[in-house]
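*Asks:* Here's my sequence, what's the structure:
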Amino acid sequence: MKRVTAFFAGLLFGAGLLLGGMTQPSKVNGFLDVMGTWNPSLMFVMVGGIATHGALFRWVTRRPSPLLEPRFMIPTRKDIDAPLIVGAALFGVGWGLGGFCPGPGLVSVTQGGNALTFVGAMMLGMRLHSLRAR
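*Replies:* Below is the predicted model of the structure:
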């Protein structure tokens, strides 16, 4: 049941990314180009996500546990350290240069080209981080 739920959640997430235009690097770069030909349309996608999370998070976490897990796995760390700052900076630079973040990159990988390059570089970076962490 967990895999079926994860599959349909992934499909819904991917469909939302497609409909919201997050898989179009030109639209993402247009959103980030605030000094040029700024395209604010992705702000509606972000505000929609933030509003949905804000409305449902407290309601969902009032339950004793998730439907398919024995407990909620919510991060408890609140500190800001160098790895977090470096990771956030790399994420932002990658998003700005590539026009993709991880979710839309994975959704777009079937199109090849830049998405395939982005996902390959992302996987390499994740592997290097994993090796360094050991």
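
*Asks:* what mean pLDDT does stretch 2-11 have?
*Replies:* What stretch 2-11 shows for mean pLDDT is 93.

*Asks:* what's stretch 45-61 in contact with?
*Replies:* 16, 20-22, 66, 72, 74 (C-beta atoms under 8 Å, 6 or more residues apart in numbering). C-beta coordinates here come from the backbone N, C-alpha and C atoms, glycine included.

*Asks:* what comes up buried for that stretch?
*Replies:* Val45 (16 or more other C-beta atoms under 10 Å).

*Asks:* How far does stretch 65-85 sit from its chain's centre?
*Replies:* The chain centroid and the centroid of stretch 65-85 are separated by 16 Å, computed with C-alpha atoms, centre = their mean, to the nearest Å.

*Asks:* got the CA positions of that stretch in CSV?
*Replies:* Written as CSV, here are the backbone C-alpha positions of stretch 65-85 (Å, rounded to 0.1, in the frame of the first residue of the first chain):
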residue,chain,number,x,y,z
SER,A,65,0.4,9.0,13.3
PRO,A,66,0.4,9.1,9.6
LEU,A,67,-1.9,6.6,7.8
LEU,A,68,0.8,4.2,6.7
GLU,A,69,3.6,4.8,9.2
PRO,A,70,3.8,4.3,13.0
ARG,A,71,5.0,7.9,13.6
PHE,A,72,5.6,11.3,11.9
MET,A,73,9.2,11.9,10.8
ILE,A,74,9.5,15.7,11.1
PRO,A,75,13.0,17.2,11.3
THR,A,76,13.8,18.6,14.7
ARG,A,77,17.1,20.4,14.0
LYS,A,78,16.8,24.2,13.9
ASP,A,79,20.5,25.2,13.8
ILE,A,80,22.0,26.8,10.7
ASP,A,81,25.5,25.5,10.0
ALA,A,82,28.0,25.8,7.1
PRO,A,83,26.9,22.7,5.3
LEU,A,84,23.3,24.0,5.2
ILE,A,85,24.4,27.4,3.8
